[in-house]
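> Take this sequence and fold it.
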Amino acid sequence: MIRDSLKTAGLPALVLAILVLICIGQCSSTPKTLRFDCIIANGLIIDGTGKPGVRADLGLAGRKIAAIGRLDRSRAGRVIDARGLVVAPGFIDIHTHCDRGILDFPLAENFIRQGVTTVIGGNCGRHPYPVRDFFRRAEERGICPNWGLFVGHNTVREKIMGSKNAPPTAEEMRLMKALVEEEMMSGAWGLSTGLSYRPGMYADTEEVIDLAGAAGRLGGIYATHLRSYDLGITDAIHEAVRVGRNNRMPVQISHIKLADEAVWGNLGMITEPLQDARRWGVEVTLDIYPYTAAFMGLTNSFPPWSYEDGPARFAAKLRNPVLYERIKSSVIDKRFRSARGVNTLKAIILGDCPPYPHYGGLTVEQILVRRGLKPTPEAAAELLIDLEKNGGASAAFVQMDEADVQALIRRAEVMIASDAGLARPDTGNPHPRACGTFSRVIGRYVKEKRVLTLEEAIRKMTSLPAGVLKLRDRGGLREGMWADIVIFDPTLVQDTATYQNPRQFSPGLITVLINGEIVLDKGRCTGQKPGRVLYGPAKRGIKS
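All right, here's what the predicted structure looks like:
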């Protein structure tokens, strides 16, 4: 083609020959040497899409990924040899409660040491108010992981209505909508609900639809802790789907589970309403933590009527012998009965317990024995009442069946999330998921149980949550994306945190980078805080 065009131009033969030789020389010359700030060499790159891993190098320039391929002729300020290791996008934890302490513990070590580079808070209906102030303080002080927030329905309701059990007036609804819109404009990602917690449980579906709509119109999603995860779970999912359908907004169902032995194995109670959602065109995704125990305060063990007026009135009701027996009987029925022969006294493991700190990590049965009491359901209910009356406690409640966890974790629309807060070095016994969630997926459900392939597990930890949040520049390994990266040895990764020793970090996590900066270097935290506040769609001017 070049020769013909030059002939057409009437150039002499000698000039033509020279030009052709120059062109050939340029085409066959050695590629120009590229220079990067960092090269991650020789690793198995699993990019987060679910596709099989490929062996390649990855070059970083500044805070972003600049090249992927054979970079052995390139230069870099630092080269990380990832031979024999997996290089993956940093994990995104879409359901955390780390906002409760991230300003005081900005390194978020228990997340970083699992390979988590982005955490999303404001879940289960609670968020730090106002959003703009917390984001400003985070940017001023610096944080290690990237961090975003939902606006919480319970927080909004309390700000406007207090704790009253009543539907909102027209004026109260107007004020709540305005508050949701204000928090969305400040950078929240959508509305979260905690419909089995006070005061969220007092809201009817129409209230939730209206408030979610205020977030949806600004590009937000609806993230929900359902009203029920046991006998009422089907209706609860249908309610969530209705919120999404009425507002034409995506729905994210938090920590999906069948949380009662009466519903174990009945996966249709979850899948049938999800099929309805697909038929109606509602985008529904779900997250799960890979454990059979939930973690919550003891308050949920008591009948709602006993606690609706607050701790002082609860204590007063306990002094009434008739009400005390009613409360005790309700606790026995909810926590200490089993048609399947489960030892329910071993199924509750104390976590943070201010009245009796030495109870952390002990089962109810162990505590009763230490108190010299016969381990019976009656004595167990009296123990929970005593703990709550004297300051309260949190506990792990074994409520799920392992077979159900495995079946749910396989589903394509289910991602991994910890539902954990910061594992503070000075406070009680958290759930082991605070230090072990993402490592447990790889160690138990990829390697041991073979429920997932490694590529699919990583997709559930990266591109799937990124897609829900429409984070187009995170959650994958592609040129131009932010350099949130985890490097690990798949043969060594395994969760080691237990209910008795929950702060044990997992082996096998080698290096973690956030926005191109190393925060975990050969298993040691560097103390750097390169994380960014991730602002939601309204703040960034983007609608879904």
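> Mind jotting down where the helices sit in the stretch 1-150 of the chain?
With helices called from DSSP state H, counting those that start in this stretch, the stretch 1-150 of the chain shows them at 2-8, 13-28, 109-112, 131-141.
> cool, the stretch 151-300 of the chain as well?
Counting by DSSP H, counting those that start in this stretch, the helices of the stretch 151-300 of the chain are 153-161, 170-185, 205-216, 233-247, 268-279.
> Quick one, which of those gets closest to Trp305.
Closest approach to Trp305 among the helices of the stretch 151-300 of the chain is made by helix 153-161 (19.0 Å; CB to CB). C-beta here means a position set from N, CA and C on the backbone, and glycine is covered the same way.
> can you list contacts of that closest one?
Applying CB atoms under 8 Å, 6 or more residues apart in numbering, the set of residues contacting helix 153-161 from outside is 124-127, 129, 168, 172, 175-176, 179-180, 183, 191-194, 197-200, 202-203, 208, 211.
> Make CSV out of the helices of the stretch 151-300 of the chain and add mean neighbour count, distance to Val119 and mean pLDDT.
Compiled in CSV, the helices of the stretch 151-300 of the chain are given as follows (neighbours: other CB atoms under 10 Å; distance: least, CB to CB, whole Å; pLDDT from 0 to 100):
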stretch, mean neighbour count, distance to Val119, mean pLDDT
helix 153-161, 22, 18, 98
helix 170-185, 18, 18, 98
helix 205-216, 22, 20, 98
helix 233-247, 21, 23, 98
helix 268-279, 16, 26, 98
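> Quick one, which of these gets closest to Tyr499.
So among the helices of the stretch 151-300 of the chain, helix 233-247 is nearest, using CB to CB, at 25.3 Å.
> tell me which strands and helices that closest one is in contact with?
If you count contacts as 3 or more CB pairs under 8 Å, 6 or more residues apart in numbering; DSSP states H and E, helix 233-247 packs onto helix 205-216, strand 221-225, strand 251-253, helix 268-279, strand 284-288.
> ok, which stretches of the stretch 1-150 of the chain are strands?
35-45, 54-61, 64-69, 75-81, 86-89, 91-93, 116-121, 146-149 (DSSP state E, counting those that start in this stretch).
> Go through those and name the closest to Asn390.
Using CB to CB, the strands of the stretch 1-150 of the chain put strand 116-121 closest to Asn390, at 29.7 Å.
> Partner strands of the closest one and their direction?
Sheet pairing for strand 116-121, assigned by DSSP bridges, gives strand 91-93 (parallel), strand 146-149 (parallel).
> Return the last one as CSV; C-alpha atoms alone will do.
Taking Å, rounded to 0.1, in the frame of the first residue of the first chain, the C-alpha atoms of strand 146-149 are listed here in CSV:
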residue,chain,number,x,y,z
ASN,A,146,-11.4,3.6,50.9
TRP,A,147,-14.7,4.4,52.7
GLY,A,148,-18.3,5.1,51.7
LEU,A,149,-21.6,5.3,53.6
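> ok now it, how far from the chain's centre?
11 Å (CA atoms, centre = their mean, to the nearest Å).
> Other residues contacting that strand?
Residues from elsewhere that reach strand 146-149 (CB under 8 Å, 6+ apart): 98-99, 102, 117-122, 127-128, 131, 134-135, 138, 187-189, 469, 474, 484, 514-515, 531-536.
> Swap in 6 Å and give it another go.
118-122, 127, 131, 188-189, 531-534 (CB atoms under 6 Å, 6 or more residues apart in numbering).
> Then the first one?
Counting by CB under 6 Å, 6+ apart, strand 91-93 makes contact with Gly115, Val116, Thr118, Val119, Ala417, Ser418, Phe438, Met461, Thr462, Pro465, Ala466, Gly475, all of which sit outside it.
> quick one: the closest residue to Asn165 other than its chain neighbours and Ile348, what's the gap?
Among residues not flanking Asn165 along the chain, Tyr202 sits closest, at 4.5 Å (CB to CB, 6 or more residues apart in numbering). Separation of Tyr202 from Ile348 (CB to CB, to the nearest Å) stands at 27 Å.
> between these two, who's got more neighbours?
Ile348 (25 against 19; other CB atoms under 10 Å).
> can you pull the contacts of that one?
Ile348 touches Val364, Ala395, Phe397, counting by CB under 6 Å, 6+ apart.
> so what strands line up beside whichever strand or helix holds the second one?
If I follow you right, that is Ala395. Using DSSP states H and E, Ala395 sits within strand 394-398. According to DSSP bridges, strand 394-398 forms sheet pairs with strand 293-297 (antiparallel), strand 348-350 (antiparallel).
> and among these, the most buried is which?
Sort the strands paired with strand 394-398 by mean neighbour count, taking mean count of other CB atoms under 10 Å, and strand 348-350 sits at the top with a mean of 25.
> for that strand, what is the average pLDDT?
Taken as a whole, strand 348-350 has an average pLDDT of 97.
> So what angle separates the directions of the helix or strand just after the strand holding Ala395 and strand 284-288?
Next along the chain after strand 394-398, taking DSSP H and E as the criterion, comes helix 402-410. In terms of direction (axes from the mean of the first three to the mean of the last three CA atoms, to 10 degrees), helix 402-410 departs from strand 284-288 by 130 degrees.
> ok, residues contacting helix 402-410?
Outside helix 402-410, the residues that reach it (CB under 6 Å, 6+ apart) are Ile256, Leu258, Leu267, Ile288, Thr292, Val414, Val451.
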